[in-house]
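Undergrad: Generate a structure from the sequence data that follows.
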Amino acid sequence: MFYTVHIEGQDFTHEDKVIRNMDAVKTGPDRIHLIENGINYDIQLIAMNFVQRTMTVSVNGAYHEMSITDEYDQLLQDMGLEISSSQRMTDVRAPMPGLILDVMVHKGQHIKTGDELVILEAMKMENVLQAASDGTVKSVEVNRGDTVEKTQVLIELE
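TA: All right, here's what the predicted structure looks like:
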């Protein structure tokens, strides 16, 4: 299987067995040290957006927005079956159990694709959940400090 990493307009494709054989050491819950072609990289995961499948990482102190796709994602895109940004979300659910650090929207608020909705702390990482489509907040089901379970509804949209 091949994975493509998209970083700021550039694509890097690697086979999964090459990735598994990279000289990488986990140095923290959200941090790894990688050596590739004799170059050292200190990589830290800053935030993840599970809806849009993007993440923010720090590489040797420089911040980068990136996404990772595999050959199945490419196949779906080629077949025209990828999720369209014009499709509406009906609710925002917790992608994993965690703690609500912040809620950035309120009932009745109009939102646009990419707007930050909630910050969820899970596995010592801050995950910013963003809107996958335009809409209006129908209800906010959580508050700052709440503990949530995987798939729990956080925000209902209309």
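Undergrad: okay, the residue of the chain positioned farthest from its centre: pLDDT?
TA: Centroid-distance maximum for the chain: Gly38 at 29.1 Å, with C-alpha atoms, centre = their mean. Looking at Gly38, its pLDDT is 84.
Undergrad: distance of it from Asp23?
TA: Separation of Gly38 from Asp23 (C-beta to C-beta, to the nearest Å): 10 Å. C-beta coordinates here come from the backbone N, C-alpha and C atoms, glycine included.
Undergrad: and the closest residue in space to Met125 that isn't next to it in sequence, what does it touch?
TA: Nearest residue to Met125, sequence neighbours excluded (C-beta to C-beta, 6 or more residues apart in numbering): Asp30, at 4.7 Å. Contact partners of Asp30, counting by C-beta atoms under 8 Å, 6 or more residues apart in numbering, are 44-45, 123-125.
Undergrad: again, only this time at 7 Å
TA: Residues in contact with Asp30 (C-beta atoms under 7 Å, 6 or more residues apart in numbering) are 44-45, 124-125.
Undergrad: what does Val103 give?
TA: 118, 140, 142-144 are the contacts of Val103 under C-beta under 7 Å, 6+ apart.
Undergrad: Scan those residues and report the most crowded one.
TA: Val118 (23 neighbours; other C-beta atoms under 10 Å).
Undergrad: Give me the distance between it and Ile43.
TA: Distance from Val118 to Ile43, by C-beta to C-beta: 25 Å.
Undergrad: Downstream of the top helix by length along the chain, the next helix or strand is which one?
TA: The longest helix of the chain (DSSP state H) is helix 71-78. Downstream of helix 71-78, the first helix or strand assigned by DSSP states H and E is strand 91-93.
Undergrad: what distance separates the helix or strand hosting Leu99 from the middle of the whole chain?
TA: Element membership for Leu99, per DSSP H and E: strand 98-103. Strand 98-103 sits 15 Å away from the centroid of its parent chain (C-alpha atoms, centre = their mean, to the nearest Å).
Undergrad: CA atoms only for that strand - export them in CSV, please.
TA: Taking Å, rounded to 0.1, in the frame of the first residue of the first chain, the C-alpha atoms of strand 98-103 are listed here in CSV:
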residue,chain,number,x,y,z
GLY,A,98,-11.6,12.9,25.7
LEU,A,99,-12.1,16.2,27.5
ILE,A,100,-13.7,19.3,26.0
LEU,A,101,-11.2,22.1,26.3
ASP,A,102,-13.2,24.7,24.4
VAL,A,103,-16.4,25.2,22.5
